[in-house]
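Undergrad: For reference, the sequence and a predicted model appear below.
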Amino acid sequence: MRVLVLGSGGREHALAWKIAQSPELTQLLCAPGNPGTAGLAENVSVNAEDPAAVVALARSRRVDLVVVGPEAPLVKGVADELRRAGIAVFGPDARAANIEGSKAFAKEIMTAAGVPTAAFRTFEGDPAGAEAYARQQGRIVVKADGLAAGKGVVVARSAGEAVAAVRELSRTGAGARLVLEELLEGEEISMIALCDGERFVLLPPARDHKRVGDGDTGPNTGGMGAFAPVKGLLPGLVEEVGRTVIAPTLAELARRGMPFRGALYAGLMLTAQGPRVLEFNARFGDPETQVLMLAVEDDLLPVLDACARGTLAQTPLTVAPGVAVGVVVASEGYPAAPKTGDRIDGLESLPADVVVFHAGTRRQGTQLLTSGGRVLTVCARRDTADEARRACYEAIGRLRIRGMHFRRDIGASARG
């Protein structure tokens, strides 16, 4: 099978790493890819957000399956054009991808489907009204409606923070419409379902660490690390999420004529009243994907292909023993003003059983340089979370990148 992975981040490197292990694979392309994917696949320079260019590439290379990594190509209709061209694609059409592209739309779908979520109000073109509501509520979550690269959400724990968040987000392109919702308390988990429009299989539960600093301090980021599976959950919780969240959401999207074929990501808060949806994404999470690819034993390529073709068998995936932990190494200044162009040294000294996924890297001659905020995700799977964490941090200790920083508590809450 000839496969094209669209994207250039750590998530796409992880997907390429997993797909490359499949006996069904005959050729793997990444567009545009990164220096990490270059060791597994042929990198092809193409704009992943240009539907016509992606279709032309897939046709010219006789691709059997396209796997879309990031959200932006999906919202821009890359999957729509591929399907119109008769090319199988793992990723939803633009209308279904709007479940991530618009938080207000996601809330509308959840309300119609009866999916448990936080109470909310939507404000469009009315920052004064949003400010008044935020001041009244005090503790509240302020969300920009549109795509904001994982940085369009502010958890405000006072009226002052809430009003400041409204003012900040309303000035962004993604914040012309704001969603203000109830602040839920509990533990967070990420559940990703691989869907064929009607049926789904669940990846193991994962936990992301969004804030830049230890102890969940500082601003939100695209994600500073993750671990999977999350152990010690209440019996039957994963099945409950499938029954009360994923299934009704897929049914509602299909009822509206926009069947969801791809990775439906549910960010959940485990409250005293049960799981509640914080957000939906229309693709694999990042950095959750990096650890999930280590945590799943099965060959994922035939599963992704079946989702794309609407022929998924709902056979549960086999979870590998132990726990996988991934720690993001970020460049100086991330997330506010990441510095780029610094040398990356020490990768060649890392143990073979520590897997490093590239994100913000580029080659300049023989040198590997930083090219973005999140540079690498250093991952390890071990029998226990503590052993996996130790392996990650020992490996990071061998890396040399000027000004690099990382959280030192990734996976500290893992059980087992």
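TA: Looks like it arrived, so ask away. Numbers count the residues shown, from 1 in each chain.

Undergrad: quick one: the residue nearest the centre of the chain from A72, how far?
TA: Centroid check for the chain by CA atoms, centre = their mean gives G285 as the closest residue, at 1.4 Å. Per CB to CB, to the nearest Å, G285 is found 15 Å from A72. Where you see a C-beta, it was placed from the backbone N, CA and C, and this is true even at glycine.

Undergrad: quick one: pLDDT of the residue nearest to the centre of the chain?
TA: Looking at G285, its pLDDT is 96.

Undergrad: How about L234?
TA: Taking L234 on its own, its pLDDT is 89.

Undergrad: try A149
TA: Looking at A149, its pLDDT stands at 66.

Undergrad: And for the nearest residue to E42 once chain neighbours are set aside, the neighbour number?
TA: Excluding its sequence neighbours, the residue lying closest to E42 (CB to CB, 6 or more residues apart in numbering) is L29, at 5.3 Å. Counted by other CB atoms under 10 Å, the residues lying close to L29 total 22.

Undergrad: what's near enough to touch L29?
TA: By CB atoms under 8 Å, 6 or more residues apart in numbering, the contact list for L29 reads R2, V3, L4, V5, A41, E42, N43, V44, L57, R61, V63.

Undergrad: With V155 instead?
TA: V155 sits next to V141, L183 when contact means CB under 8 Å, 6+ apart.

Undergrad: and what of E108?
TA: E108 neighbours (CB under 8 Å, 6+ apart): none.

Undergrad: Equivalent analysis for L65, please.
TA: Residues near L65 by CB under 8 Å, 6+ apart: M1, R2, V3, L4, A88, V89, F90, L301, L304, D305, A308.

Undergrad: Are any of those residues buried, and if so which?
TA: Neighbour-count burial (16 or more other CB atoms under 10 Å) applied to the contacts of L65 gives M1, V3, L4, A88, V89, F90, L301, L304, D305, A308.

Undergrad: Same list, those residues, but as a markdown table with distance to M293, secondary structure and pLDDT please.
TA: Below are the buried ones among the contacts of L65 laid out as a markdown table (distance: CB to CB, whole Å; DSSP: H, G, I helix; E, B strand; the rest coil; pLDDT from 0 to 100):
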| residue | distance to M293 | secondary structure | pLDDT |
| --- | --- | --- | --- |
| M1 | 18 | coil | 97 |
| V3 | 15 | strand | 98 |
| L4 | 18 | strand | 98 |
| A88 | 21 | strand | 98 |
| V89 | 20 | strand | 98 |
| F90 | 14 | strand | 98 |
| L301 | 12 | helix | 98 |
| L304 | 12 | helix | 98 |
| D305 | 17 | helix | 98 |
| A308 | 18 | helix | 98 |
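
Undergrad: what's the domain layout of this structure?
TA: Annotated domains of the chain cover 2-91, 120-182, 185-309, 323-396 [automatic domain parsing].

Undergrad: ends of the shortest one, how far apart?
TA: To tie it back to what came earlier, the one meant is domain 120-182. End-to-end distance for domain 120-182, by CA to CA, to the nearest Å: 6 Å.

Undergrad: Tell me the buried residues in the helix or strand containing A254?
TA: Applying DSSP states H and E as the criterion places A254 in helix 247-255. Within helix 247-255, the residues that count as buried by 16+ other CB under 10 Å are A247, P248, T249, L250, E252, L253.

Undergrad: Reformat those residues as CSV; add pLDDT and distance to K143.
TA: Output for the buried residues of helix 247-255, formatted as CSV (pLDDT from 0 to 100; distance: CB to CB, whole Å):
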residue, pLDDT, distance to K143
A247, 98, 25
P248, 98, 22
T249, 98, 18
L250, 98, 23
E252, 98, 21
L253, 98, 20
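
Undergrad: Can you pick out the most distant pair from the residues you listed?
TA: Maximum pairwise distance in those, criterion CB to CB, is 11.1 Å, between A247 and L253.

Undergrad: picking up where we left off before, before we move on, what SS does the residue nearest to the centre of the chain have?
TA: Assigned with DSSP: H, G, I helix; E, B strand; the rest coil, G285 falls in the coil class.

Undergrad: Contact partners for it?
TA: By CB under 8 Å, 6+ apart, G285 lies in contact with R11, S190, I192, A206, D208, G223, A226, Y265.

Undergrad: Is E108 located within a helix, as I assumed?
TA: Yes. Assignment of E108 by three-state DSSP places it within a helix.

Undergrad: wait, doesn't H13 sit right on H358?
TA: Yes. Using CB atoms under 8 Å, H13 makes contact with H358 at a distance of 5.3 Å.

Undergrad: quick one: common contacting residues for the two?
TA: By CB under 8 Å, 6+ apart, the residues touching both H13 and H358 are N34, G36, T37.

Undergrad: Turn those into TSV, columns for secondary structure and neighbour count.
TA: Listed next are the shared contacts of H13 and H358 as TSV, based on DSSP: H, G, I helix; E, B strand; the rest coil; neighbours: other CB atoms under 10 Å:
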residue	secondary structure	neighbour count
N34	coil	24
G36	coil	28
T37	helix	28
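
Undergrad: Using JSON lines, please lay out these together with distance to D409 and pLDDT.
TA: Output for those, formatted as JSON lines (distance: CB to CB, whole Å; pLDDT from 0 to 100):
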{"residue": "N34", "distance to D409": "27", "pLDDT": "98"}
{"residue": "G36", "distance to D409": "25", "pLDDT": "98"}
{"residue": "T37", "distance to D409": "29", "pLDDT": "98"}
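
Undergrad: Tell me how far V378 lies from V356.
TA: When V378 is compared with V356 (using CB to CB), they lie 5 Å apart.

Undergrad: Now the common contact residues for these two.
TA: Both V378 and V356 are in contact with L350, A395, where contact means CB under 8 Å, 6+ apart.

Undergrad: more crowded one of the two?
TA: More crowded of V378 and V356, by other CB under 10 Å: V378, with 27 against 22.

Undergrad: list the contacts for that one?
TA: For V378, the contact set (CB under 8 Å, 6+ apart) comprises G326, V327, V329, L350, V354, V355, V356, C392, A395, I396, L399.

Undergrad: Go again with 6 Å.
TA: Contacts for V378 (CB atoms under 6 Å, 6 or more residues apart in numbering) come out as V327, V356, C392, A395, I396.

Undergrad: Could you find the closest non-adjacent residue to G333?
TA: Nearest residue to G333, sequence neighbours excluded (CB to CB, 6+ apart): K339, at 4.9 Å.

Undergrad: ditto for P23
TA: Spatial nearest neighbour of P23, excluding adjacent residues (CB to CB, 6+ apart): D299 at 7.1 Å.
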